[in-house]
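**Student:** Provided below for reference: sequence and predicted model.
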Protein chains: 2
Amino acid sequence: MGNSRITVREIARLAGVSVATVSRVSNGTGQVSADLRQRVLDAIELHGYRPDHLGRALAARRHGALGLVFPGLSGPYFSELIQGFESEAVPARASVHILCTHLREDADAQVLEMARRVDGIAVMGGTISEAVLLQLADLVPVVVLAGPGRDAVPSVGVDNCAAMGGLTRHLLAEHGLRDLAFVGTPEGSPDVSQRWAGFLAAHRELGLTPPTEPVRVSMQQPDGVLAAEELLRDRRPPEAIVCANDEVALGALVGALGRGLRVPQDLVITGFDDAPMAALVSPPLTTVRQPVRELAAEAARLLLRAADGPGAPAPDSIVLPTELVVRRSCGCSTATPTGGTGK
Amino acid sequence: MGNSRITVREIARLAGVSVATVSRVSNGTGQVSADLRQRVLDAIELHGYRPDHLGRALAARRHGALGLVFPGLSGPYFSELIQGFESEAVPARASVHILCTHLREDADAQVLEMARRVDGIAVMGGTISEAVLLQLADLVPVVVLAGPGRDAVPSVGVDNCAAMGGLTRHLLAEHGLRDLAFVGTPEGSPDVSQRWAGFLAAHRELGLTPPTEPVRVSMQQPDGVLAAEELLRDRRPPEAIVCANDEVALGALVGALGRGLRVPQDLVITGFDDAPMAALVSPPLTTVRQPVRELAAEAARLLLRAADGPGAPAPDSIVLPTELVVRRSCGCSTATPTGGTGK
DNA sequence: ATGGTGCCTGAAACCGGTTTCTGTTAACCG
DNA sequence: CGGTTAACAGAAACCGGTTTCAGGCACCAT
């Protein structure tokens, strides 16, 4: 490991100035004569001085870091999320702490612990209890990602209910399908809960009877395979499988193809998210595009702003638009006009 | 946002003791009489005092955080990696900073910046240049994950070359296949590079001629679909597609099934990693199991130890064993004896 | 010459903890 | 009872920066 740390006082001594002057030069704040500035810069350069992050953070009472909390990361969704978040955080010189609670029991304690190390936290909806969320919001600016906000906690998300409603209507009205299964666990996250609600609402709007229960599985690709097997083993399989996200849909697709079924002729499958794979599988997946990156970027922006000015940061909730992406897995032959479901 | 911060001095004043005593109580260090201890604990409890992380970190000259750097996160591999890393870091009360360089140009600067905020960094092999790696190692303990170490930089990984050699031999010798394609970009990461080397070596051992070039694609599922299409469009498609990881293999499988081919009768496909999906698709994927979680956990342990005692931390490199997992996608009818390829 | 103004500069206080060092007190021992 | 020792408590220094505050100085107008 390298040379021991060099401090401001060290540089000050070497340049024959005060620490205040060194600080002013290294931050570009305040006025310093050209002469001294150069002496200081030379000393800094010569000894490779870099101000210590901790000292600086302590003085500024600011960590220069944002936190991101979600249940567990898997799949393209979280990848996009993190990238969107970083795209805002990094230019603001804030590092990103990630915590996946992954159903651990001590998740609450860990989130609270994180609150003491960052300037703001974005929490995926449904990750922590409401009580802890409020407790958290009392410590540090918080925004809920893809979930409902609270009084003092703004949220960033999309209108899942409307989006899934649009997709479901497409299947019911334009394709005349009647026997739809929904795969996903509404209790698992607000996202899925709203999508299930939209699925039900679309049925009722058209005077149809939706299935009473969703097929409850977790949200990853392997779970889609399992769901497909469960549904197709049935003596009376559904006409369509409406999946709560693309990953499950891809799993279902693999499961269906593996059983020798043709999609969409024998079975219609739809997803949600418009992951990169969705366009590439055959048949390409009908789904709903969600601006995940923008969602996360928006959350980061909100947090940075709140961390900057503690003055009435207007905890508005933000809803970004989605877009129905019609491809072939629903039975459409070619790209039909895709309708935006914004807000 | 909550009440303004309470400090040690505040608690000390309220409890009628010195700050030293408060510190001793809140850390459990040193001796404090039962009387004073109780007074302090009461004050702490009453005002909900939690020592400030920055102040503490500054005094300890230690961030209480580890960094994890990789090119970009996608798929189950990184998910496992992060979880393994966290499984060691969190109990040690260290938070995890994540940086995905994702081919950004300023990646070097960002990694260096991260070095000033953490006590140690694990870098995925091939993420940053060797020069920067050495520079980094001069600032903070570093370990290379899944890639070659340097003199002063220990590494944690598996013997990819031997593992892929074993898999390739299985296809060549036991299944009598002759025309194998390799999908993956050796230049992209040390991992793939070694797997390609193992693929070539197995051919030569058996006196066979390997293909001269791999099919160069990126390592995600959509890329596997593309690779399959490219290979199968050929007038003389290969007998088997050996993929550099499971994600690409799953993509290839989807691509092949989508074209109406039967696996393994018409085409053999193998993966690498043993992702959860690998066992669930049909046919289940023959692959190599890598202890990703343990790899990451080992890296975290190494870093924590190095951060603790700067005294000669023995930068040993660690190689964990892999296991050939034979399933049906290679043509084996049932689970045959699986041979461990350890070290 | 005098007073006012603005630019630089450095001493010192501050951020919020930990730790050393010194001093007091009580216990224990011969 | 005198002396050594251990336990305990607090003042002050320290970690490495930033920022306030006051002073010195040159320049200008009166």
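**Tutor:** The structure has been received and is ready for your questions.
**Student:** Can you list phi and psi of A:Ala271 for me?
**Tutor:** Small correction: residue A:271 is Gly, not Ala. With angles defined as degrees, to the nearest 10, A:Gly271 sits at phi -120, psi -160.
**Student:** give me the number of residues near the residue nearest to A:Asp42 when sequence neighbours are not counted?
**Tutor:** Once flanking residues are discounted, A:Asp42 sits nearest to A:Ala15: 7.3 Å by Cβ to Cβ, 6 or more residues apart in numbering or on different chains. In this view, the C-beta of every residue, glycine as well, is placed from N, C-alpha and C. A:Ala15 sits with 22 neighbouring residues when counted by other Cβ atoms under 10 Å in any protein chain shown.
**Student:** check contacts around A:Ala15.
**Tutor:** Going by Cβ atoms under 8 Å, 6 or more residues apart in numbering or on different chains, A:Ala15 touches A:21-22, A:36, A:39-40, A:42-43.
**Student:** Quick one: buried ones out of the residues you listed?
**Tutor:** Neighbour counting by 16 or more other Cβ atoms under 10 Å in any protein chain shown classes A:21-22, A:36, A:39-40, A:43 among those as buried.
**Student:** Can you check the pLDDT for the nearest residue to A:Ala92 once chain neighbours are set aside?
**Tutor:** Once flanking residues are discounted, A:Ala92 sits nearest to A:Leu304: 5.3 Å by Cβ to Cβ, 6+ apart. At A:Leu304, the pLDDT value in this model is 94.
**Student:** Off-centre distance for the helix or strand harbouring A:Leu304?
**Tutor:** Assessed by DSSP states H and E, A:Leu304 sits inside helix A:292-308. How far helix A:292-308 lies from its chain's middle: 11 Å, per Cα atoms, centre = their mean, to the nearest Å.
**Student:** Tell me the buried residues in it?
**Tutor:** By 16+ other Cβ under 10 Å, the buried positions in helix A:292-308 come out as A:292-304, A:306-307.
**Student:** ok, now stretch A:253-270?
**Tutor:** Under 16+ other Cβ under 10 Å, the buried positions of stretch A:253-270 are A:253-258, A:261, A:263-264, A:267-270.
**Student:** Put together a markdown table for those residues, with distance to B:Glu88 and pLDDT on each row.
**Tutor:** Rendered in a markdown table, the data for the buried residues of stretch A:253-270 read as follows (distance: Cβ to Cβ, whole Å; pLDDT from 0 to 100):
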| residue | distance to B:Glu88 | pLDDT |
| --- | --- | --- |
| A:Leu253 | 37 | 93 |
| A:Val254 | 34 | 89 |
| A:Gly255 | 36 | 90 |
| A:Ala256 | 40 | 92 |
| A:Leu257 | 40 | 87 |
| A:Gly258 | 37 | 82 |
| A:Leu261 | 44 | 90 |
| A:Val263 | 43 | 91 |
| A:Pro264 | 47 | 93 |
| A:Leu267 | 44 | 96 |
| A:Val268 | 45 | 97 |
| A:Ile269 | 40 | 97 |
| A:Thr270 | 40 | 98 |
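**Student:** In chain A, what helix or strand scores lowest on average pLDDT?
**Tutor:** Least confident helix or strand of chain A, by mean pLDDT, DSSP states H and E, is strand A:340-341 with a mean of 44.
**Student:** What about DNA strand C: which of the contacts of A:Ala15 touch it?
**Tutor:** A:21, A:36 (Cβ under 7 Å from any atom of the strand).
**Student:** Okay, helices next: where are they in chain A?
**Tutor:** A:8-15, A:19-27, A:34-47, A:53-60, A:75-89, A:107-115, A:130-137, A:160-169, A:190-205, A:221-233, A:246-258, A:292-308 (DSSP state H).
**Student:** Please identify the most buried of these.
**Tutor:** helix A:246-258 (a mean of 28; mean count of other Cβ atoms under 10 Å in any protein chain shown).
**Student:** So what angle separates the directions of that one and helix A:75-89?
**Tutor:** With axes from the mean of the first three to the mean of the last three Cα atoms, to 10 degrees defining the directions, helix A:246-258 sits at 160 degrees from helix A:75-89.
**Student:** now the angle from helix A:246-258 to helix A:190-205?
**Tutor:** 70 degrees.
**Student:** which helices and strands sit right next to helix A:246-258?
**Tutor:** helix A:75-89, helix A:221-233, strand A:240-243, strand A:268-270, helix B:246-258 (3 or more Cβ pairs under 8 Å, 6 or more residues apart in numbering or on different chains; DSSP states H and E).
**Student:** returning to what we had before: separation between the residue nearest to A:Asp42 and A:Arg24?
**Tutor:** Here the criterion is Cβ to Cβ, to the nearest Å. By it, A:Ala15 lies 12 Å from A:Arg24.
**Student:** show me what contacts A:Leu257?
**Tutor:** Counting by Cβ under 8 Å, 6+ apart, A:Leu257 has contacts A:263, B:254, B:257-258.
**Student:** now, which of these sits nearest A:Ala137?
**Tutor:** B:Val254 (43.0 Å; Cβ to Cβ).
**Student:** Find the nearest non-adjacent residue to the closest one, please.
**Tutor:** Excluding its sequence neighbours, the residue lying closest to B:Val254 (Cβ to Cβ, 6+ apart) is A:Val281, at 5.2 Å.
**Student:** Now do the contacts for the one you found.
**Tutor:** Contacts of A:Val281 by Cβ under 8 Å, 6+ apart are A:250, A:253, B:225, B:254, B:258.
**Student:** picking up where we left off before, can you put the buried ones among the contacts of A:Ala15 in TSV and add pLDDT?
**Tutor:** Output for these, formatted as TSV (pLDDT from 0 to 100):
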residue	pLDDT
A:Thr21	95
A:Val22	95
A:Leu36	92
A:Arg39	93
A:Val40	94
A:Ala43	94
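**Student:** Please produce CSV containing the contacts of A:Leu257, extended by distance to DNA strand C.
**Tutor:** CSV is the format used below for the contacts of A:Leu257 (distance: Cβ to the nearest atom of the strand, whole Å):
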residue, distance to DNA strand C
A:Val263, 59
B:Val254, 54
B:Leu257, 59
B:Gly258, 59
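**Student:** Among the residues you listed, which one sits closest to A:Gly55?
**Tutor:** Nearest to A:Gly55 among these, counting by Cβ to Cβ, is B:Val254 at 53.0 Å.
**Student:** Show me what from chain A comes close to DNA strand D.
**Tutor:** A:5-9, A:19-20, A:22-24, A:26-27, A:29-30, A:49, A:51-52, A:54-56, A:58-60.
**Student:** go again using 6 Å as the cut-off
**Tutor:** Within chain A, the positions adjacent to DNA strand D are A:5, A:7-8, A:19-20, A:23-24, A:26-27, A:29, A:51-52, A:55-56, A:58-60 by Cβ under 6 Å from any atom of the strand.
**Student:** what subset of those residues is also close to DNA strand C?
**Tutor:** With Cβ under 6 Å from any atom of the strand as the criterion, the residues of chain A next to DNA strand D include A:19-20, A:58-59 near DNA strand C.
**Student:** Farthest-apart pair in those residues, please.
**Tutor:** Farthest pair in these (Cβ to Cβ) is A:Ala20 and A:Leu58. Separation: 17.0 Å.
**Student:** What I need now is the buried residues of stretch A:253-270 written out in CSV, including distance to A:Thr168 for each item.
**Tutor:** Output for those, formatted as CSV (distance: Cβ to Cβ, whole Å):
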residue, distance to A:Thr168
A:Leu253, 19
A:Val254, 23
A:Gly255, 21
A:Ala256, 19
A:Leu257, 23
A:Gly258, 26
A:Leu261, 21
A:Val263, 18
A:Pro264, 16
A:Leu267, 16
A:Val268, 12
A:Ile269, 14
A:Thr270, 9
